[in-house]
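Asker: Could you work out the structure for the sequence below:
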Amino acid sequence: MIPDVKGKLYWVVGLARSGCAAAALLRRHGARVIGVDDAAEDAVRNRWEREGLSNLAPQAFDELATDGQWPSAAPTAVIISPGVPLDHPRLLALPGSVPVMGEIELAARFCPATVVGITGTNGKSTTTELVAHLARKNGLRAEALGNLGTPFAQVADTLPPEALVSLELSSFQLETISSFSPRVGVVLNMAPDHLDRYPDLAAYFAAKARLAHSLIPGGDFVTWTECPEARAWDVPVPTSLFGKETGGAISYFRDDALHLGKGAGARRLLHRSELALQSPPNLLNALAGTAVGHVLGWDTEAMAEGLRDFAGLAHRHQLVARRGGIKFINDTKATNVHSVCAGLDGYPEQVVLIVGGSGKGEDYAPLAGVMDSVRLVILLGQEGPAIGQALAGTVPTRQAASMEEAVRLAAAAAEPDAVVLLSPACASFDMFPNYRVRGEAFTSAAKDCGAELI
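Answerer: Residues are numbered from 1 along each chain as shown. All right, here's what the predicted structure looks like:
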């Protein structure tokens, strides 16, 4: 049942993409909305311009309270963006009777569609898009929403009950759910991340666990055979696994072919060589996506077709250019150590790796264990020296002052046949406004080195 918000006052705190979508949703249903942000109004409007929100945002709010000037009128509820911590002093000062929720929780209350919630440390965006792609192959209207780009609130109230929402969920978004209840919950993997926000690893994992405990009765939980943290949770619905057949998976590779099901009921979908995306992380994403399809009863032939023509996402193990035998691969979305390790595990070619950026409190030591295919590491940005120390004695390294220099050094070392791989293990904010701009700078630098863009 759609909530009655007409005539009620809401604060939306954090005026970026998800905040603007939440505000617009509330106003569509007759609420009065005050947009709140600690930044100055000029900075907020500049943000809207940068993020392409200049048409939506001004219509989403009745008024703005910026530059630390919070409203005095008590709201019915407060909607916070993922970047706003729950322990913000102004939120702690609210009366206990005022609910504080995130955009995901708000949107879910307006959405009658079936929801598949997807979280994990790495692979979320690609798997979210893949699940939506496989659903469309099965004749469903499907939307890929959430943390990967389009906010849930932007379309939540426009979807019919027979539609499917494939929803990427960050740990920050999961902190603020309460009644949100997906049909399927997926935890892809768990590794250290966001330790600049959480006091310890247990707190980060606990935020992820909120998804597993939010599922509707009769729902399904899907996780990886090699994720002991998620497998240890006491989940109140059946659990299905993807990964290793010997670990009890319903989606696995046997003899280089993807199989679905167990025992005599197992079915071969396609050979690994038929997959559109074949990097090690994307093999796991394919297993996760088909496991979701299996618990939802989707047609296996339609899923196989979807795996053959799924184009993947920009900035995630994306082949962007070639120069002779050298391939330039943009994996700028690999912003933590686990993502880089997973991407390099079993890499079939020699690699010149570009790493570095702004730190998130991680230990870089695990990188030393995945350097077998790496002939040189180019160190970039704020965390370059720290990563260099972690790799000392393992692989040769060189420092670069810019992305242009990093790609130039990497291309020279890659002759004649190696891969130049941008997989930073860090956030981008020391040198770039976001990971996308960093990936675009990598592609541009490859072109400047004489590579042909793809």
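
Asker: Identify each buried residue in the longest helix along the chain, please.
Answerer: As assigned by DSSP state H, the longest helix anywhere in the chain is helix 280-295. Buried residues in helix 280-295, counted by 16 or more other C-beta atoms under 10 Å: 281-295. The C-beta positions use only the backbone N, C-alpha and C, and glycine is treated the same way.

Asker: between those residues, which is nearest residue 241?
Answerer: Nearest to residue 241 among the buried residues of helix 280-295: residue 291, at 7.4 Å, using C-beta to C-beta.

Asker: wait, residue 29 sits on residue 10?
Answerer: No: using C-beta atoms under 8 Å, residue 29 is not in contact with residue 10, being 10.5 Å away.

Asker: Tell me which stretches of the stretch 101-250 of the chain form strands.
Answerer: Shown for the stretch 101-250 of the chain, the strands assigned by DSSP state E, counting those that start in this stretch span residues 114-119, 142-146, 164-168, 184-187, 220-224, 239-243.

Asker: Give me the distance between the two termini of stretch 421-439.
Answerer: 11 Å (C-alpha to C-alpha, to the nearest Å).

Asker: Distance from that stretch to the middle of the chain?
Answerer: Relative to the mean C-alpha coordinate of its chain, stretch 421-439 is positioned 15 Å out (C-alpha atoms, centre = their mean, to the nearest Å).

Asker: and what of stretch 362-382?
Answerer: 22 Å.

Asker: distance between the ends of that stretch?
Answerer: Where stretch 362-382 begins and where it ends lie 13 Å apart, using C-alpha to C-alpha.

Asker: Flag every buried residue along that stretch.
Answerer: Neighbour-count burial for stretch 362-382 [16+ other C-beta under 10 Å]: 362, 364, 366-367, 370, 373-374, 376-381.

Asker: Mind putting those into a markdown table with secondary structure and distance to residue 305?
Answerer: Formatted as a markdown table, the buried residues of stretch 362-382 follow (DSSP: H, G, I helix; E, B strand; the rest coil; distance: C-beta to C-beta, whole Å):
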| residue | secondary structure | distance to residue 305 |
| --- | --- | --- |
| 362 | coil | 39 |
| 364 | coil | 41 |
| 366 | helix | 37 |
| 367 | helix | 37 |
| 370 | helix | 33 |
| 373 | coil | 32 |
| 374 | strand | 36 |
| 376 | strand | 40 |
| 377 | strand | 39 |
| 378 | strand | 39 |
| 379 | strand | 43 |
| 380 | strand | 40 |
| 381 | coil | 41 |
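
Asker: Closest one of those residues to residue 61?
Answerer: residue 381 (35.9 Å).

Asker: Surely the closest one and residue 432 touch.
Answerer: No: applying C-beta under 8 Å, one finds residue 381 not in contact with residue 432, separated by 9.1 Å.

Asker: coming back round to it: would you reformat the strands of the stretch 101-250 of the chain as CSV and include mean pLDDT, mean neighbour count and distance to residue 328?
Answerer: Formatted as CSV, these follow (pLDDT from 0 to 100; neighbours: other C-beta atoms under 10 Å; distance: least, C-beta to C-beta, whole Å):
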stretch, mean pLDDT, mean neighbour count, distance to residue 328
strand 114-119, 98, 28, 29
strand 142-146, 97, 25, 26
strand 164-168, 98, 27, 26
strand 184-187, 98, 29, 31
strand 220-224, 98, 25, 30
strand 239-243, 98, 22, 30
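
Asker: Relative to residue 410, which of these is closest?
Answerer: strand 164-168 (30.2 Å).

Asker: Contacts for the closest one next, please.
Answerer: The contact list for strand 164-168 (C-beta atoms under 8 Å, 6 or more residues apart in numbering) reads 104, 111, 113-119, 124-125, 128-129, 131-132, 135, 140-148, 152, 156, 159, 182.

Asker: hmm, back to that, more neighbours, residue 29 and residue 10?
Answerer: residue 10 (21 against 14; other C-beta atoms under 10 Å).

Asker: thought the more buried one was touching residue 79?
Answerer: Yes: Residue 10 is within contact range of residue 79, at 6.2 Å (criterion: C-beta under 8 Å).

Asker: Need the residues touching each of those two.
Answerer: With C-beta under 8 Å, 6+ apart, residue 10 and residue 79 have common neighbours 23, 26.

Asker: In which helix or strand does residue 74 reside?
Answerer: Counting by DSSP states H and E, no helix or strand carries residue 74.

Asker: Pull the contacting residues for it.
Answerer: Taking C-beta under 8 Å, 6+ apart as the test, what residue 74 contacts is 9, 95, 98.

Asker: quick one on the thing from earlier: distance to residue 277 added to the strands of the stretch 101-250 of the chain, as a markdown table?
Answerer: A markdown table is the format used below for those (distance: least, C-beta to C-beta, whole Å):
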| stretch | distance to residue 277 |
| --- | --- |
| strand 114-119 | 17 |
| strand 142-146 | 16 |
| strand 164-168 | 17 |
| strand 184-187 | 18 |
| strand 220-224 | 17 |
| strand 239-243 | 16 |
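
Asker: For residue 21, which of the ones you listed is the nearest?
Answerer: The nearest among the strands of the stretch 101-250 of the chain, by C-beta to C-beta, is strand 142-146 at 9.8 Å.

Asker: Now do that closest one and strand 164-168, the angle between them.
Answerer: 30 degrees (axes from the mean of the first three to the mean of the last three C-alpha atoms, to 10 degrees).
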